[in-house]
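**Q** take a look and give me a structure for this.
(2 chains)
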Amino acid sequence: MNTHNIKKRRSMLYIPGNNPAMLQQGGVYGADSVLLDLEDAVALNQKDAARILVRNMLKEVDYYGCEITIRVNHINTPFGVADLEEIVPLQPDALRLPKTETVEELSKVLKIIEEIENRYGLAHDKMKIHVMIESALGVQNVYELASHSPRIDAITIGGQDLTADMQIEKSKDNYGIDYARKRIVMASKATKIDAMDTVYADVEDEEGLREETAYIKKLGFTGKAVINPRQISIVNEVFTPTDTEIRKAYRIVKAYYENKAKDLGVFAVDGKMVDAPVVTRAMHTLALADIEVEPVK
Amino acid sequence: MIKNALNIEIPEYLEGLGKLEPYQGVWNKLQKGWMDEQTVPPAIKARLPHSSKMHNNLEEAILKCNPRNGMTVSFHHHLRGGDCILIQAITILANMGIKDITLASSSLTSAHESVLPYIEEGTITQIYSSGIRGTIGEACAKGVLQKPFVIHSHGGRVRSVQTGKIQIDLAIIAASAADEEGNATGTHGPSAFGSMGYAMIDAWYAKQVVIVTDNLVNYPCVPPSIRQNYVDYVVATDTIGDAKKIASGTTRITKAPLDLRIARIASDTIINSGYFKNGISFQVGAGGASLAVARFIREAMKKHNIKGSFLLGGVTSYGVDMLNEGLFHAIFDVQSFDAAVSSSLKEHPYHIEIPAGLYANPFNCGCMINKLDVVVLGALEVDVNFNVNVITGSEGEVRGASGGHSDTAAGAKLTVVVCPSFRGRLPIIKKNVNNVVTPGESVDVVVTERGICVNPKNKELKANLLEAGMHVREIADLEKEVDKITGTPEKIEHTNKIVGVIEYRDGTIIDTIKQIKV
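**A** Take a look at the predicted model:
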């Protein structure tokens, strides 16, 4: 167990890949993660310009430690392969693959990515993959997709496309995608990867965003995508542990290291037995609060 | 030429202004506690009993004041973008053939742009003001005035009046309610604008005082911000302006993500500074980002159960809400930034109207800025020595206002300057600012979206912020980063002619404004 492996992915800010000003400022808003978008945010006649811009920005802009993810176009579009050819050599933290539905299709994309990496002499384990579920078929296959490769370290839900595919209205309470959300979370827990929730479209409704974020946190999501920087602090706040949670987690992790140093087995904190999943959760809590506990030597 | 304490060359004498004293440091001139400058007493006047002060129109009243060439005429800017009295008065004077007027308005706003032709034709030849904006500012930077203009702070203006540097011959004061004797207020009436903090000074010191109101009330007008014993004439008019334009869009909390981000970081800076505790006194401006800081501070005060002492300065309805919620014990109001404030000023016993001298004049036994814990201020530019420019824009044009910037920065225990590190294509954090209004010595911290820069003189603050895990960085590093993004704009081309000076609050000259090469 190591806190350094636990990523903070409370908020992920979508930034249109064809907007230089927003790309330039993406790292300053306090999001844990930025998502530079080549897909839905970019008009068809600007796909090439966005690709070049994002490539250049990746080289130049300081995102102050934010995780950088690029959402490329689907492999079956005229832009998918070109996006991969441009972005993969730059090895951002992660690539987000939209509208993923089947293992065969995912396999095909991973193969292309690895071929490009081979060409550039790059390892296959640095750049992670985020799989985006945006269709009924994708939801049905989500566990197989999530467990397909160790490169996949997050699975996300795209609410707009999913509701369209389900032929339902996207309602404020998102009732229609509730099953998909729960199934995606379960797949993520089963495969020990993160689950990111879809965006909350009404940027003026701060209370609505807060309620929805609290809800998806209870479901087990690890974070939420945002479309406006004003949404970041709300999402971060909901996902940031409370003082009581932090104090409890600190006691657990400290006791864990002390017991480990003494080579003791199971131990108790506050009169309750502590086992491995409890320690993992406590470490995650501390990571979300930016607290590191040094192992006892 | 002589170099001031910021190493800026200042002429020892300037035609139209006379002998100039270079800036020596924030407290150098004031530290001995008493001043050598001459003081000018208020005018001594007399009036016979039961004689009327009323006039049918402004022209009649002005005529009674014996207008003459070379006179100094003053106005307040409490109606901000909605004022229409200044233009009316200057037009009347111009039509009378009066020339060589010194315009001493506490500030000049967008409402005053149509005064420019009167500058061009020589009706107005000099300006003393805390702010000059829009087309007048652009023209002033190009040298349209015959004599150098003077930018002063709000506190500095009172000092200038008291020391006779500005000798007001005629003060024309708009009031939203007044009676026939000249008791006047801004707190009620259809054009209510709130505090008359700046106008009070003019009423006390001007040789002739005319009150103009669109709401003549039965005697006595209550509460009187200006009292009858200072007033020569009263004019009832149809309107003094448009009260809706007082706020002019600046008093709403911004929705711009970048401003909100900066405001969030600034409020976290204040919360972790060591000054965020019971009894805190606080001032923020009316700009969207500053108000957003107030919003976050308000939330934090509720969360941590902090009760403040007083709010100071320009007051918004946001500040009034905090008073009503019990978050602050009192508001001291020198200028109301939105019309909604006026009813609180009239009715709430702890919402107190204060004259500009009590607010910020450095030449007295203790203005209120000296009791200030935290002030949040904006900036057009900040340099690596923390010097702040709020007056000249990227092309050298005069476009901002000194206001209470240098006053509050000097007085507050914690001076927080909030600004983006660049705007559009222009760097805001620079090696050198175009003009210094507030010296870096009086700035503690600059908060940008790209990190917090603490003035090296405030080691304790830096330690507190670092301990709180905040993104503290060196301002020189930030300047380099910004330079990498925007590049360094070419220097503004000036002639050698000094078209204006920036006066520090103590009357010394902190910088000059040179004529832009056209």
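**Q** use CA for all of it now, contacts and neighbours both
**A** Noted.
**Q** surely B:Val416 is in a strand?
**A** Yes - secondary structure of B:Val416 (DSSP: H, G, I helix; E, B strand; the rest coil): part of a strand.
**Q** export the longest helix belonging to chain A as CSV, just CAs?
**A** Using DSSP state H, we find that the single longest helix of chain A is helix A:243-261. Listed in CSV are the C-alpha atoms of helix A:243-261, where the atom choice follows Å, rounded to 0.1, in the frame of the first residue of the first chain:
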residue,chain,number,x,y,z
ASP,A,243,-11.8,17.1,9.3
THR,A,244,-13.3,14.2,11.3
GLU,A,245,-12.7,11.8,8.3
ILE,A,246,-9.2,13.1,7.9
ARG,A,247,-8.4,12.6,11.6
LYS,A,248,-9.8,9.1,11.7
ALA,A,249,-7.9,8.2,8.5
TYR,A,250,-4.7,9.6,9.9
ARG,A,251,-5.0,7.4,13.0
ILE,A,252,-5.6,4.3,10.9
VAL,A,253,-2.7,4.9,8.6
LYS,A,254,-0.3,5.8,11.4
ALA,A,255,-1.4,2.7,13.3
TYR,A,256,-1.0,0.6,10.2
TYR,A,257,2.6,1.8,9.7
GLU,A,258,3.5,1.3,13.3
ASN,A,259,2.1,-2.2,13.3
LYS,A,260,3.8,-3.0,10.0
ALA,A,261,7.2,-1.9,11.5
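**Q** so what touches that helix?
**A** When contacts are defined by Cα atoms under 8 Å, 6 or more residues apart in numbering or on different chains, helix A:243-261 is touched by residues A:265, A:267, A:269, A:274, A:279, A:281-283, A:285-286, A:289, A:293, A:295-297.
**Q** give the buried residues for that helix.
**A** Along helix A:243-261, the positions that meet the burial threshold by neighbour count (16 or more other Cα atoms under 10 Å in any protein chain shown) are A:246, A:248-250, A:252-257, A:260.
**Q** and of those, the nearest to B:Ser107?
**A** B:Ser107 lies nearest to A:Ile246 out of those, by Cα to Cα, at 51.9 Å.
**Q** three-state assignment of the closest residue to A:Pro98 other than its chain neighbours?
**A** Distances taken as Cα to Cα, 6 or more residues apart in numbering or on different chains put A:Met132 closest to A:Pro98, at 4.9 Å, once the chain neighbours are dropped. When the structure is reduced to helix, strand and coil (three-state DSSP), A:Met132 reads as strand.
**Q** identify the bridge partners of A:Met132.
**A** Each beta-bridge partner of A:Met132 is listed here, defined by DSSP bridges: A:Thr156.
**Q** A:Asn73 versus that one, what's the distance?
**A** Separation of A:Met132 from A:Asn73 (Cα to Cα, to the nearest Å) stands at 12 Å.
**Q** just B:Val384 next, same as before
**A** B:Val384 sits 44 Å away from A:Asn73 when distances are taken as Cα to Cα.
**Q** also B:Ala412?
**A** B:Ala412 is 54 Å from A:Asn73, by Cα to Cα.
**Q** who touches the residue most central in space within chain B in this structure?
**A** Nearest to the centroid of the C-alpha atoms of chain B, with distances taken as Cα atoms, centre = their mean, sits B:Gly403, at 1.9 Å. For B:Gly403, the set of contacting residues under the criterion of Cα under 8 Å, 6+ apart consists of B:107, B:130-131, B:152-154.
**Q** list phi and psi for the one residue in the stretch 201-350 of chain B that gets nearest to chain A.
**A** When distances are taken as Cα to the nearest Cα, the stretch 201-350 of chain B approaches chain A most closely through B:Pro257, which lies 5.4 Å from it. Reported as degrees, to the nearest 10, the phi and psi values for B:Pro257 are phi -50, psi -40.
**Q** what's near enough to touch it?
**A** For B:Pro257, the contact set (Cα under 8 Å, 6+ apart) comprises A:29, A:228-230.
**Q** separation between the residue in chain A sticking out farthest from the centre and A:Asp270?
**A** With distances taken as Cα atoms, centre = their mean, the residue sitting farthest from the centre of chain A turns out to be A:Lys262, at 36.6 Å. Computed as Cα to Cα, the A:Lys262 to A:Asp270 distance reads 19 Å.
**Q** helices of the chain, start to end?
**A** Chain wasn't specified; assuming chain A. A:20-25, A:47-60, A:80-87, A:103-119, A:136-140, A:142-146, A:159-165, A:178-191, A:206-219, A:232-239, A:243-261, A:276-288.
**Q** wrong chain, I was asking about chain B
**A** For chain B, the helices identified by DSSP H occupy B:58-64, B:85-95, B:116-120, B:134-142, B:154-162, B:197-205, B:257-271, B:288-304, B:317-324, B:341-347, B:356-360, B:405-411, B:459-467, B:475-486, in order along the chain.
**Q** how about the fifth one: buried residues?
**A** Within helix B:154-162, the residues that qualify as buried by neighbour count (16+ other Cα under 10 Å) are B:154-162.
**Q** rebuild these as TSV, extending it with distance to B:Lys371 and pLDDT.
**A** Supplementary listing: these in TSV, determined by distance: Cα to Cα, whole Å; pLDDT from 0 to 100:
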residue	distance to B:Lys371	pLDDT
B:His154	17	98
B:Gly155	15	98
B:Gly156	18	98
B:Arg157	20	98
B:Val158	18	98
B:Arg159	19	98
B:Ser160	22	98
B:Val161	23	98
B:Gln162	22	96
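**Q** show me what from the stretch 101-250 of chain A comes close to chain B.
**A** For the stretch 101-250 of chain A, the residues in contact with chain B under the definition Cα under 8 Å from any Cα of the partner chain are A:228-230.
**Q** reformat those residues as CSV; add pLDDT.
**A** Converted to CSV, those look like this (pLDDT from 0 to 100):
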residue, pLDDT
A:Asn228, 96
A:Pro229, 96
A:Arg230, 95
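**Q** most neighbours of all these, which one?
**A** Greatest neighbour count in these, by other Cα atoms under 10 Å in any protein chain shown, goes to A:Pro229: 24 neighbours.
**Q** any stretches of the chain with poor pLDDT?
**A** Looking at chain A here, since you left the chain open. For chain A, the stretches flagged by pLDDT under 70 are A:1-6, A:297.
**Q** switch to chain B, please.
**A** Where chain B drops into low confidence, which here means pLDDT under 70, it does so at B:248-251.
**Q** so A:Ile129 makes contact with A:His148?
**A** No - the pair formed by A:Ile129 and A:His148 falls short of the contact definition of Cα atoms under 8 Å, at 10.9 Å.
**Q** of the two, which one has the most company?
**A** In terms of neighbours (other Cα under 10 Å), A:Ile129 is the more surrounded of A:Ile129 and A:His148; the figures are 23 against 14.
**Q** now do the contacts for the more buried one.
**A** A:Ile129 makes contact with A:94-97, A:151-154, according to Cα under 8 Å, 6+ apart.
**Q** and the buried residues of helix A:243-261, which two are furthest apart?
**A** For those, the maximum inter-member distance is 20.8 Å, found between A:Ile246 and A:Lys260 (Cα to Cα).
**Q** what about residue 202, how many neighbours?
**A** Reading this off chain A. 13.
**Q** chain B was what I was after
**A** B:Asp202 has 31 neighbours, counted by other Cα under 10 Å.
**Q** which other residues reach stretch B:235-252?
**A** Outside stretch B:235-252, the residues touching it (Cα under 8 Å, 6+ apart) are B:54-58, B:61, B:78-85, B:174-176, B:190-193, B:210-216, B:286-288, B:291, B:316, B:337-339.
**Q** state the distance from B:Thr222 to B:Ala236.
**A** Rather than Thr, residue B:222 is Val. In this structure, B:Val222 and B:Ala236 are 17 Å apart, going by Cα to Cα.
**Q** the more surrounded of these two?
**A** When neighbours are counted by other Cα under 10 Å, B:Ala236 comes out ahead of the other of B:Val222 and B:Ala236, with 22 against 18.
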